[in-house]
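Undergrad: Sharing a model that was predicted from the sequence below.
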Amino acid sequence: MKISHISKRARIGIGIAILAILALPGTALAAASAQDAPPGESKLGFLLVGELIVWAGFFAYAFYMSRKTNEMRREIDDLRAQLNKPPVS
């Protein structure tokens, strides 16, 4: 499948997924460096924000995909109804 055939929303979803994957090692590094930081200068806040962004992106994409799936099911049902409808003469 060519990239030009992918819809704009799908590209956005793929971009969010890629960013989430790239953010995961960064959050692990933030957690590791938080242990080395002096007291009071913890980076756990950044870790939490990063994880929240990743999860928000995941749930937004899951919501988007469920809406698209329902829309496609409705279209399929409409097409089936049109196929089963007797021809008008």
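TA: Ah, there it is. Numbering: from 1, shown residues only.
Undergrad: Not counting its own residues, what contacts stretch 61-75?
TA: Under the criterion Cβ atoms under 8 Å, 6 or more residues apart in numbering, residues 9, 13, 16-17 lie in contact with stretch 61-75. Every residue, glycine included, has its C-beta placed from N, CA and C.
Undergrad: Of those, keep whichever come out buried.
TA: Buried members of these, counted by 16 or more other Cβ atoms under 10 Å: 13, 16.
Undergrad: In stretch 50-62, which of the residues would be classed as buried?
TA: Applying 16+ other Cβ under 10 Å to stretch 50-62 flags 50-51, 54, 57, 61 as buried.
Undergrad: Which pair in the residues you listed has the greatest spatial separation?
TA: Gly50 and Tyr61 (16.8 Å; Cβ to Cβ).
Undergrad: rewinding a little: in helices only, show me the buried residues of stretch 50-62.
TA: Counting by DSSP state H, those place 50-51, 54, 57, 61 in helices.
Undergrad: what about the chain, any weak spots by pLDDT?
TA: Residue ranges of the chain with pLDDT under 70: 1-6, 19-20, 22-41.
Undergrad: how about a cut-off of 80?
TA: Residue ranges of the chain with pLDDT under 80: 1-43, 87-89.
Undergrad: for it, what spans make up the helices?
TA: Under DSSP H, the chain gives helices at 8-36, 44-84.
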